[in-house]
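Participant: got a sequence here, can you model it:
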Amino acid sequence: MAQPVTVYRWDDAGAPSLTNRTPLEVLTILKKCLVEGYGEKAPLGWTMPFEDAANYKAVFRNNPAVGSGSYVQARSANGTNNSNIAVSMTPAKFISDVDTLVQPGLTRPFSLSSGFTAWVLIGTATGFYLLAGLPTSVCAGWASNLEQHIFVGDIDSLLPNDAGRFVVVSVPQSSGNLTGTSYAGWNTSFYLFNAQGGASSIGTANCRLYDADNFDGYKDYVIGVAFNASATSASSPPPSPLESKLDLYMRPFLTLAGSSSTTIINTSLTDRFGNWANSSQVSPTLRGFLPGFIYELAPRYATQNWPVTELINDQEHWLLRNTAGLIAGFWLNMEEW
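Facilitator: Residues are numbered from 1 along each chain as shown. This is a model prediction of the structure:
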């Protein structure tokens, strides 16, 4: 069942600020958007069962009535509240206190850079995307250090009643637990998805998904796209984004780390029962999709001013910024997932 989406922004009336880019400011944004609300905006309906304010830690849980009821621990990467210190986020099936995680996933960072004072949180009762970046910029082009992204929540799983569908995803170019204090170099976390199912970076583990039947076993997954459509030079972008719109979109997917887009059946990859991964009912090669997230096969935006929203399939979408000479073409649904 689709969930309604709420968009929270740094320039809303009563919105918390990101003035000094500290872990406490990020945790306050999460608390206000997920649990408390601010101004005229109601919260998403998450809860915060635990908080260790002195050490800049908090635990949030998505709504079990409509989602998995899973948890995420968000904390300062080094225990301080200094500027530009990453907030480490670790998903878990259950958290019994602020530091006791059951079936934890991979820890991934939300890392900020100087000048990142604009933030946006787009989410539902089951998941959210948090973005932060420069308050003014172009959408892409050869600009750099524009924006940071992270997703926290339930994926759209291809398996019914998937008990392991809660993840944290950021910095898809790097693998495993990322616990450092700064990842400013990966300033647009989602722009370089692994093309063709991860053929070029297939060993990269972007997130850990526990078996769908609630067993205490897991597989690591990588973010993939079918075509690396965004890797298009922005030195000569289309002259008019609206006139060149082709309405061709696909969804980034979560594919088993170690799989291959060129091999339909990989007999070296099996689940815990010994079944081939491509037909597994607990940890299949293709597990699902990030909710509300699409990419454009013919991207159009580069030198236009940010932010950009646009109707796609009759629903409003938010454009993520790109860097490294690429044209921006990743969109978040602002209405429902």
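Participant: name the helix or strand for Trp119, please.
Facilitator: strand 118-123 (DSSP states H and E).
Participant: what does that strand rub up against?
Facilitator: 5-11, 18, 29-30, 33-34, 44, 128-135, 153, 292, 307, 318, 332, 334 (C-beta atoms under 8 Å, 6 or more residues apart in numbering). Placement of C-beta: from N, CA and C, glycine included.
Participant: what's the pLDDT at Gly79?
Facilitator: Looking at Gly79, its pLDDT is 97.
Participant: excluding chain neighbours, what is closest to it?
Facilitator: Leaving aside its chain neighbours, Gly79 sits nearest to Asn55 (5.6 Å; criterion: C-beta to C-beta, 6 or more residues apart in numbering).
Participant: contacting residues for the one you found?
Facilitator: Contacts of Asn55 by C-beta under 8 Å, 6+ apart are Arg75, Ser76, Gly79.
Participant: how about the first one, phi and psi?
Facilitator: Going back to what we said before, that points to Arg75. Per-residue torsions, Arg75: phi -150, psi 150 (degrees, to the nearest 10).
Participant: related to what we said a few turns ago, out of the contacts of Asn55, which are buried?
Facilitator: Arg75, Ser76 (16 or more other C-beta atoms under 10 Å).
Participant: closest one of the contacts of Asn55 to Leu248?
Facilitator: Closest approach to Leu248 among the contacts of Asn55 (C-beta to C-beta): Arg75, at 40.4 Å.
Participant: contacting residues for the closest one?
Facilitator: For Arg75, the contacting residues are Pro23, Asn55, Tyr56, Lys57, Ala58, Val87, Ser88, by C-beta under 8 Å, 6+ apart.
Participant: try it again at 6 Å.
Facilitator: Lys57, Ser88 (C-beta atoms under 6 Å, 6 or more residues apart in numbering).
Participant: same thing with Ser83?
Facilitator: Taking C-beta under 6 Å, 6+ apart, one finds Asn20, Arg21, Thr22 in contact with Ser83.
Participant: at 8 Å instead, please
Facilitator: Neighbouring residues of Ser83 by C-beta under 8 Å, 6+ apart: Asn20, Arg21, Thr22, Ser114.
Participant: tell me which element it is part of?
Facilitator: Secondary structure assignment for Ser83, by DSSP H and E: no helix or strand.
Participant: the strand holding Trp119: how far from the chain's middle?
Facilitator: Put simply, strand 118-123 sits 12 Å off its chain's centre (C-alpha atoms, centre = their mean, to the nearest Å).
Participant: what packs against the next helix or strand after it?
Facilitator: Sequence-wise, the next helix or strand downstream of strand 118-123 (DSSP H and E) is strand 127-133. If you count contacts as 3 or more C-beta pairs under 8 Å, 6 or more residues apart in numbering; DSSP states H and E, strand 127-133 packs onto helix 23-31, strand 118-123, strand 147-154.
Participant: can you put these in JSON lines and add mean neighbour count?
Facilitator: Listed next are the helices and strands packed on strand 127-133 as JSON lines, based on neighbours: other C-beta atoms under 10 Å:
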{"stretch": "helix 23-31", "mean neighbour count": "22"}
{"stretch": "strand 118-123", "mean neighbour count": "24"}
{"stretch": "strand 147-154", "mean neighbour count": "26"}
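Participant: weakest of these in terms of mean pLDDT?
Facilitator: Here the lowest mean pLDDT among the helices and strands packed on strand 127-133 goes to strand 147-154, at a mean of 93.
Participant: quick check: next helix or strand after that strand?
Facilitator: Per DSSP H and E, the first helix or strand lying C-terminal to strand 147-154 is strand 156-157.
Participant: what is the least confident helix or strand in the protein?
Facilitator: Lowest by mean pLDDT, DSSP states H and E among the helices and strands of the chain is helix 195-198, with a mean of 41.
Participant: what is the mean pLDDT for stretch 45-56?
Facilitator: So the average pLDDT for stretch 45-56 ends up being 98.
Participant: straight-line length of it, end to end?
Facilitator: Stretch 45-56 has an end-to-end distance of 22 Å (C-alpha to C-alpha, to the nearest Å).
Participant: list the buried residues for it?
Facilitator: Here stretch 45-56 shows Gly45, Trp46, Thr47, Met48, Phe50, Glu51, Tyr56 as buried, counting by 16+ other C-beta under 10 Å.
Participant: surely the fourth one meets Lys57?
Facilitator: Looking back up the chat, that one is Met48. No: counting by C-beta atoms under 8 Å, Met48 sits too far from Lys57 to count as a contact (10.9 Å).
Participant: which residues of the stretch 201-337 of the chain fall in strands?
Facilitator: Counting by DSSP state E, counting those that start in this stretch, the stretch 201-337 of the chain has strands at residues 207-210, 218-225, 249-250, 253-256, 286-289, 293-296, 309-312, 315-319, 330-333.
Participant: quick one, the second one and strand 147-154 angle?
Facilitator: This means strand 218-225. Going by axes from the mean of the first three to the mean of the last three C-alpha atoms, to 10 degrees, strand 218-225 is angled at 130 degrees with respect to strand 147-154.
Participant: just checking, what packs against strand 218-225?
Facilitator: Against strand 218-225 (3+ C-beta pairs under 8 Å, 6+ apart) you get strand 194, helix 195-198, strand 207-210, strand 253-256.
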